[in-house]
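Chemist: Quick check, what structure comes out for this input:
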Amino acid sequence: MSPRGSVRAGRVATRRSRLAEAGLARLGDVLRLFREPRAWSELVTRTLFPSRIHQDNSFTWPDRYPALFTAAQTLLADRAPLRILSFGCSSGEEVQSLRHYFPDAVIVGAEINASLLRACREREVEGPTLFISSRDEVIQAHGPFDAIFCMAVFTRRPHEVETRDMRDISRFYPFDRFAAWARFLASQLTPGGLLIVEHALYRVEDALEGLPFRPVLTHGFAPAKGPRFDPSGMRLASPQLIARIFSRTALASTREPEPPASLLPSKYGEA
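Modeler: Numbering: from 1, shown residues only. From the prediction side, this is the model:
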């Protein structure tokens, strides 16, 4: 290949890489922008925060995880009043669903996508409910919490990871980004509080190492529904038997680290 051809090929590769980071690697992704209005807000969020978001698709539906919602309801039956956080609540369906399981709880939904956050605030939800931007200082101001749900949040391009059988995700979704937020959210739980995580690309145990947490093996302990990766970003052998619920056993003797500033969502949206 000529030097000019090499330069051209390099430019094409760079454009494709940028499109992939924005979630537009395939024609179907582009067409979705015209079919689904919320796809534009996802694109804006990915463009503004390419290295700060986790899940890059906001699709969800009501009562998506009934088994885990019921498990948390059972495990928290002797605690009242409850304060619950839905981290990455999309357009609010999860918060509305949690209300049926926890009718008297204060439920806080946190979302980085400004358009979806506005939609959440327009949603009618019974009981004490609040929707906030998912900035660490805002979340901290509304805690601590008895349960934090992170459902299909700690992942990135999951369908592409599976269909392309990716072996290494460290380039576009490094472990440190996941671990920083997992540890921060863990620090916002009361003693005995629950961290509930489903559809994560990394193992929660790896992120919480050294913190006072134990996996709950009586509920939600089953094979992972998708691939898992080690802290270096390399794919682990499947299937992985994982815990989905973690209980804070005691207050830590030292203050847990907050997410590094480089990993925090930028400050937009109102508390």
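Chemist: From the opening residue of stretch 186-204 to its closing one, how far?
Modeler: Chord length of stretch 186-204, first to last residue, is 10 Å (CA to CA, to the nearest Å).
Chemist: what comes up buried for that stretch?
Modeler: For stretch 186-204, the neighbour count (16 or more other CB atoms under 10 Å) marks 186-190, 193-204 as buried. In this view, the C-beta of every residue, glycine as well, is placed from N, C-alpha and C.
Chemist: now do stretch 154-162
Modeler: For stretch 154-162, burial by neighbour count (16+ other CB under 10 Å) applies to 154-158, 160-161.
Chemist: one step back: from the buried residues of stretch 186-204, which ones fall inside helices?
Modeler: Under the assignment DSSP state H, these contribute 186-187, 204 to helices.
Chemist: mind giving me JSON lines with the residues you listed and columns for pLDDT and distance to F229?
Modeler: Below are those laid out as JSON lines (pLDDT from 0 to 100; distance: CB to CB, whole Å):
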{"residue": "A186", "pLDDT": "97", "distance to F229": "20"}
{"residue": "S187", "pLDDT": "97", "distance to F229": "24"}
{"residue": "V204", "pLDDT": "97", "distance to F229": "12"}
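Chemist: Could you export those residues as TSV, including distance to S134?
Modeler: Listed next are those as TSV, based on distance: CB to CB, whole Å:
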residue	distance to S134
A186	15
S187	15
V204	18
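Chemist: what separates stretch 89-104 from the chain centre, distance-wise?
Modeler: 16 Å (CA atoms, centre = their mean, to the nearest Å).
Chemist: Name the surrounding residues that touch that stretch.
Modeler: With contacts defined as CB atoms under 8 Å, 6 or more residues apart in numbering, stretch 89-104 is touched by 38, 58-64, 69-70, 72-73, 76, 80-82, 84, 86, 105, 107, 109-111, 113, 116, 119-120, 123, 125-127, 129, 131, 149, 151.
Chemist: ok, of those residues, which come out buried?
Modeler: So, by 16+ other CB under 10 Å, the buried ones in the contacts of stretch 89-104 are 38, 58, 60, 69, 72-73, 76, 82, 84, 86, 105, 107, 109-111, 113, 116, 119-120, 125, 129, 131, 149, 151.
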